[in-house]
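Visitor: task: produce atomic coordinates for the following.
(4 chains)
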There are 2 protein chains.
Amino acid sequence: MARAATTSDAFNAIAEPQRREILVLLRGGERPVTDLARDLGMTQPQASKHLRVLREVGLVRVRGAGKQRLYGLDARGLRPVHEWVGGFERFWSESFDRLDEYVQELKQARQEGPHDGDDQ
Amino acid sequence: MARAATTSDAFNAIAEPQRREILVLLRGGERPVTDLARDLGMTQPQASKHLRVLREVGLVRVRGAGKQRLYGLDARGLRPVHEWVGGFERFWSESFDRLDEYVQELKQARQEGPHDGDDQ
DNA sequence: TTGACACATTCCGATATAGGCATATGATGG
DNA sequence: CCATCATATGCCTATATCGGAATGTGTCAA
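Guide: Coordinates of the predicted model:
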């Protein structure tokens, strides 16, 4: 199997930076594809493709306006994401407290000789 | 180009459901790989791979404990995600407000008898 | 040292992405 | 109907994923 489809999830859809930028821009109101493409420095087909993904996960809606098609934000799908991540809120505060402890541990470990390979 | 690496971002790392489940489990405290694998119904290599990704984006830390390696949560990397998504909070509330309006409109429309075909 | 256990890494295959480019579809105005 | 503008889609390549199975590495205990 390959990675889950970008269209399978809001999580997957917003994993792509350019799509995130599109969403941010759309907070300012409905806009046509060409506008978005220009403002984000991407080609029109690129923008269209990203918008297709966003539409398929329901983060964006289209509305025909004559020759143009106005894309608008529908942020409801971001709520579950926000809630899931929010479930870790108390842990990242906590992490800051423990950071000191952790640094101490690291120093000790290094003095006792390298155990953990530095990753990356 | 292909999709951005799963290790390039917290956004990308948490796009994978199994990795999200791992993180949730780790809220309960440090745990060895085998434990996680068993609880999530995946093979040990799978779990190891996912943990590697999580480690590379800094969402997880390892600590050698004799024969075992205890994985622990480091949720700090989730904070930016939470903040980014939080930037849309007022938009999904707004959507809900409009949803109500819309529902009201629908009810009225039905009472007055069908006028316009709904689009899509 | 050897065996046993915990875990990491590698190789494979199938899949789907993002980007670039060309082109099709669609609506508008004349 | 035609030319034009706005947008969508198709095709192609390179890349990276996830999954599975096998195997490598590391640590303890006797």
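
Visitor: gap between whichever residue of chain A sits closest to DNA strand C and residue B:16?
Guide: Closest residue of chain A to DNA strand C, Cβ to the nearest atom of the strand: residue A:2 (2.7 Å). (Each C-beta comes from the backbone N, C-alpha and C, glycine too.) Separation of residue A:2 from residue B:16 (Cβ to Cβ, to the nearest Å) stands at 12 Å.

Visitor: check residue A:53 too.
Guide: Counting by Cβ to Cβ - residue A:53 and residue B:16 are separated by 17 Å.

Visitor: ok, the closest residue to residue A:4 other than its chain neighbours - contacts?
Guide: Excluding its sequence neighbours, the residue lying closest to residue A:4 (Cβ to Cβ, 6 or more residues apart in numbering or on different chains) is residue A:12, at 5.7 Å. By Cβ atoms under 8 Å, 6 or more residues apart in numbering or on different chains, residue A:12 lies in contact with A:4-6, A:57, B:15.

Visitor: check the closest residue in space to residue A:5 that isn't next to it in sequence and give its pLDDT.
Guide: Leaving aside its sequence neighbours, residue A:5 sits nearest to residue A:12 (Cβ to Cβ, 6+ apart; 6.8 Å). pLDDT for residue A:12: 97.

Visitor: over to residue A:47?
Guide: So residue A:47 comes in at 97 (pLDDT).

Visitor: quick revisit: count the neighbours of the residue of chain A closest to DNA strand C for me.
Guide: By other Cβ atoms under 10 Å in any protein chain shown, 6 other residues sit near residue A:2.

Visitor: with residue A:21 instead?
Guide: 16.

Visitor: before we move on, the earlier item: which of the contacts of residue A:12 are buried?
Guide: A:6, A:57, B:15 (16 or more other Cβ atoms under 10 Å in any protein chain shown).

Visitor: contacts only, for the residue most central in space within chain A.
Guide: Centroid-nearest residue in chain A: residue A:14, 3.5 Å away (criterion: Cα atoms, centre = their mean). Neighbouring residues of residue A:14 by Cβ under 8 Å, 6+ apart: A:20, A:23, A:59, A:78, A:81, B:11, B:85.

Visitor: can you redo the residues you listed as CSV with neighbour count and distance to residue A:39?
Guide: Formatted as CSV, those follow (neighbours: other Cβ atoms under 10 Å in any protein chain shown; distance: Cβ to Cβ, whole Å):
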residue, neighbour count, distance to residue A:39
A:20, 17, 14
A:23, 24, 13
A:59, 23, 18
A:78, 25, 21
A:81, 21, 24
B:11, 24, 21
B:85, 25, 21
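
Visitor: looking at these, which is nearest DNA strand D?
Guide: Out of the contacts of residue A:14, the member with the shortest distance to DNA strand D (by Cβ to the nearest atom of the strand) is residue B:11, at 12.3 Å.
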